[in-house]
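**Student:** I need the structure of the sequence given here:
(one chain, ligands or ions: 1)
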Amino acid sequence: MLSSIIVPLIGVIVDVGWITPFLSFLFLFIVYRVVYALYISPLRHLPGPFLARLTGAYSIILGLTGRLVEIALSDYDKYGDIYVRGPNNVVISNPSDARRILGTHSFPKSDHFKAMDVLNEQNSLSGRDIGFVKMRKRQTGQYFNSAYLARMEEAILTYGIRAIKENGNGTVEINYGNDFLLATFDTISGLAFGRKFNSLKNDDYSFCYQARDANLFLGICGVLPLLKYYPFSFGVQRLRTQFGRVMEIADGSIKHRRSSVANGEAKPADLLQAFIDAEDPKSKIRMSNVQIQGESFMFTLAGAAPSALTLTWIMQLLMLHPEIRARAVDEVRTQFTGDHLVSFADARKSLPYIEACVLEAQRLIPVVATRNPRVTPPSGITLQNHFIPGGTVISVCPHGLSKNKGVWKDPFKFDPERFLDNEDARRNFFGFSYGVRTCTGKQLAMMELLTITSNILKDYDLSLPSDYTHLGPDIKDKNGYPKVMDYIAYMVISPTNVDRDCRINVSKRSP
Ligand code: HEM
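**Tutor:** Numbering: from 1, shown residues only. The predicted model follows:
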């Protein structure tokens, strides 16, 4: 049936004579791309996969496999600290080069980040225009310092470790992947939307899923902008509805907060209030309601999943390395006894080994998997003796950086010791990126990571369930270290089978 249509159609095309010019054009185009890539391109001297020189589609298609980590590590092995990953895209993995690129506003974020604009407004994460970025930092900077963070700590402890503890009394099997996700969503969305979602308490994933779908909506429309418009928008109707709901929740939160403060209620110390109060000292400009909606949503996205996943990997690594866990447990139980809830300041002051475990887990598995592209200024830059012209997209590879053989000894070994009293290790740590666009929420995230990890280790004895036999300290990966759970990496590195792999038994210690 199909052939009865296709054969005459080909006949018509050949008759009309389209095939020959079309094929000739295609052939000439490919020859041009090959000649350009090999003999003309200013990036021709850099190593890299041949196909990547010809078309950006090569990297996009590979990225769709969810194997970003393996691909990045294999590229780093083959090509080293600097290589080509697209006709106009260079990837770097050397810490000094990364500091030069990330350290200054001269290398703005690339247009890839446009997909993260919310309601057509740039925000703290997606900002590409240098003037906008500097202004937003002036508006919000004071709310990410230690003083404001200390005022938010009570809420962070309540949504985080206290809620987790309520969920794990007695001797029970828990799923830390799910619990950390709900707790960090409650924490960040509680702060950014100014309301209690109680997701962990009620085992309720609805807001998490809404935010995820809303993010997906932005991501898909970023790649295929036509989907924003009728009739193509039907293809993403469900995601668009979810996005609309999240925006309504944000809008409602802002209006509610403005009216309660106008009615004399005290201003809570949270991110929503910070966005409402934020004012640029230079221009006196404040954020519009639409911009606050965008920030509330984007901070929730940027903050919740990376924190949850980092906690998940910390726990997984501690479970697979009992000797390291024992040392961490010993540290916290020696320093703090009884019912004392370990605060951020406590952990910073008295728990260097647990802090080292957190940093090392982030180094080994940097959960933000993407390469964070930046654009070179018109003057270009010389890296590793290669001149990279202006307008080139330079991507800083978190995987190449964190496994760089020139910097890290035994890069695939989970070895917290390397962060103890070692300024060099800390300087070469890029878990929260670096420089002018470093993670805005890194102190807040460290507060969550340290208070949750240290209080769990202090208050609970942990073990793997008896039927958990597919992974464990004695099951090794190809490098000879305990094999970690399977994962998939698009934007972030997520376990593929949370229900199977993130189970542990917890039993409460008597105080
Ligand atoms: C363990 C948890 C976290 C990790 C590993 C992490 C990691 C990162 C990384 C690697 C970047 C840089 C992306 C780039 O260079 O383009 C980033 C940016 C950002 N993060 Fe985080 N993050 C975490 C938690 C948070 C939290 C809790 C918040 C907010 C409450 C947050 C808000 C942001 C924002 C707004 C940016 C954009 C900063 C800018 O471009 O100027 N992050 N984060």
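
**Student:** For Leu227, list the residues it contacts.
**Tutor:** 220-221, 233, 235-236 (C-beta atoms under 8 Å, 6 or more residues apart in numbering). (C-beta placed from N, C-alpha, C; glycine too.)

**Student:** List of residues touching stretch 23-43?
**Tutor:** Stretch 23-43 is touched from outside by 44, 50, 53-55, 84, 87-88, 90, 387-389, 392, with contacts defined as C-beta under 8 Å, 6+ apart.

**Student:** TSV please, covering these and showing secondary structure, neighbour count and pLDDT.
**Tutor:** TSV is the format used below for those (DSSP: H, G, I helix; E, B strand; the rest coil; neighbours: other C-beta atoms under 10 Å; pLDDT from 0 to 100):
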residue	secondary structure	neighbour count	pLDDT
Arg44	coil	13	96
Phe50	helix	11	94
Arg53	helix	22	95
Leu54	helix	17	93
Thr55	coil	15	92
Val84	strand	25	97
Pro87	coil	18	95
Asn88	coil	15	96
Val90	strand	23	97
Phe387	strand	12	97
Ile388	strand	21	97
Pro389	coil	14	97
Thr392	coil	21	97
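
**Student:** For the residues you listed, which two are the farthest from each other?
**Tutor:** Farthest-apart pair in the contacts of stretch 23-43 is Thr55 and Phe387; separation 23.0 Å (C-beta to C-beta).

**Student:** Now list the buried members of the contacts of Leu227.
**Tutor:** Buried members of the contacts of Leu227, scored by 16 or more other C-beta atoms under 10 Å, are 220-221, 236.

**Student:** circling back: present the contacts of stretch 23-43 as CSV; the columns should include distance to the ligand.
**Tutor:** What follows is these, written out as CSV (distance: C-beta to the nearest ligand atom, whole Å):
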residue, distance to the ligand
Arg44, 28
Phe50, 28
Arg53, 25
Leu54, 27
Thr55, 24
Val84, 21
Pro87, 22
Asn88, 18
Val90, 16
Phe387, 24
Ile388, 18
Pro389, 22
Thr392, 17
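
**Student:** Only the C-alpha atoms, please, for stretch 314-329, written as PDB.
**Tutor:** Provided in PDB are the C-alpha atoms of stretch 314-329 (Å, rounded to 0.1, in the frame of the first residue of the first chain):
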ATOM      1  CA  ILE A 314      26.500  11.500  49.900                       C
ATOM      2  CA  MET A 315      24.400   8.900  51.600                       C
ATOM      3  CA  GLN A 316      25.000   6.300  48.900                       C
ATOM      4  CA  LEU A 317      28.800   6.800  49.100                       C
ATOM      5  CA  LEU A 318      28.800   6.600  52.900                       C
ATOM      6  CA  MET A 319      26.800   3.400  52.800                       C
ATOM      7  CA  LEU A 320      29.200   1.900  50.300                       C
ATOM      8  CA  HIS A 321      32.300   2.900  52.400                       C
ATOM      9  CA  PRO A 322      31.600   1.700  55.900                       C
ATOM     10  CA  GLU A 323      35.000   2.700  57.200                       C
ATOM     11  CA  ILE A 324      34.500   6.300  56.100                       C
ATOM     12  CA  ARG A 325      31.000   6.400  57.500                       C
ATOM     13  CA  ALA A 326      32.300   5.000  60.800                       C
ATOM     14  CA  ARG A 327      34.900   7.800  61.000                       C
ATOM     15  CA  ALA A 328      32.200  10.400  60.200                       C
ATOM     16  CA  VAL A 329      29.800   8.900  62.800                       C
END
